[in-house]
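> what would the 3D arrangement of this be:
(chains A and B)
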Amino acid sequence: DAGVTQSPTHLIKTRGQHVTLRCSPISGHKSVSWYQQVLGQGPQFIFQYYEKEERGRGNFPDRFSARQFPNYSSELNVNALLLGDSALYLCASSLEQTVVGLFFGSGTQLSVL
Amino acid sequence: DAKTTQPPSMDCAEGRAANLPCNHSTISGNEYVYWYRQIHSQGPQYIIHGLKNNETNEMASLIITEDRKSSTLILPHATLRDTAVYYCIVRVARSGGSNYKLTFGKGTLLTVNP
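This is a model prediction of the structure:
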């Protein structure tokens, strides 16, 4: 079975632009979470969606938004990019609302110049 | 979620046991201890979790002290592929239907040397 897939793997943007990152969960998984990981730090929680509804939001500005589609795939959108948004963006999926069996993708490396 | 404290780095010889400590002195009675690891350029990988009793699976063993204020992750025979950042996370298993985020610290960089 395919794991969590994220696209693109790498992305370069300039300040002020917007970006859309995509995630496909493991087949059958209905929950998707997004995390931001800056260099040298652990991942930081951004959003969690379950059954297409937002169930959790981390301490990130409104420039960050996300959604989950009927097929449980998800998009993370970031508007008005700042240099500090440069990071590895990780998507994780699970069968239900539990941290056991939280499966992460390899992430999208975003560089903002 | 309770805060955890881990050493920033550790070394281990290949083939030897790696013992990674974690302090969580403010852990609550309904909070579990979870371990994840992150190999370079990959997403975090779940390893093991426990509440009170020691746990073992195909990857590792988890030893939790009786007072639950600390734990140790044991990799019985470390290999070079076990070189990674190991995260100890403490939280409730289910959060009542909303927001069950994982709170990662900086973790412990385990380097397995040949």
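
> what sits against the nearest residue to residue B:23 once chain neighbours are set aside?
Excluding its sequence neighbours, the residue lying closest to residue B:23 (Cβ to Cβ, 6 or more residues apart in numbering or on different chains) is residue B:5, at 4.2 Å. In this view, the C-beta of every residue, glycine as well, is placed from N, C-alpha and C. By Cβ atoms under 8 Å, 6 or more residues apart in numbering or on different chains, the contact set of residue B:5 is B:22, B:23, B:24, B:105.

> what sits against residue B:24?
Contacts of residue B:24 by Cβ under 8 Å, 6+ apart are B:2, B:3, B:4, B:5, B:33, B:68, B:69, B:70, B:71, B:88, B:90.

> now the third one: how far from residue A:39?
Just to be clear, that refers to residue B:4. Using Cβ to Cβ, to the nearest Å, we find residue B:4 at a distance of 21 Å from residue A:39.

> what about residue A:45, which helix or strand?
Element membership for residue A:45 (DSSP states H and E) is strand A:44-50.

> quick check: mean pLDDT of that strand?
Strand A:44-50 carries an average pLDDT of 92.

> any idea which helix or strand comes after that strand?
strand A:53-57.

> sheet partners, orientation included, of that following strand?
strand A:44-50 (antiparallel) (DSSP bridges).

> so how far is the partner strand from its chain's centroid?
7 Å (Cα atoms, centre = their mean, to the nearest Å).

> which other residues reach that strand?
A:30-38, A:54-58, A:60, A:64, A:66-68, A:74, A:76, A:96-97, B:99-104.

> list the contacts for the residue nearest the centre of chain B?
Centroid-nearest residue in chain B, with Cα atoms, centre = their mean: residue B:35, separated by 3.0 Å. Neighbour list for residue B:35: B:20, B:22, B:46-49, B:60, B:62, B:73, B:86-89 [criterion: Cβ under 8 Å, 6+ apart].
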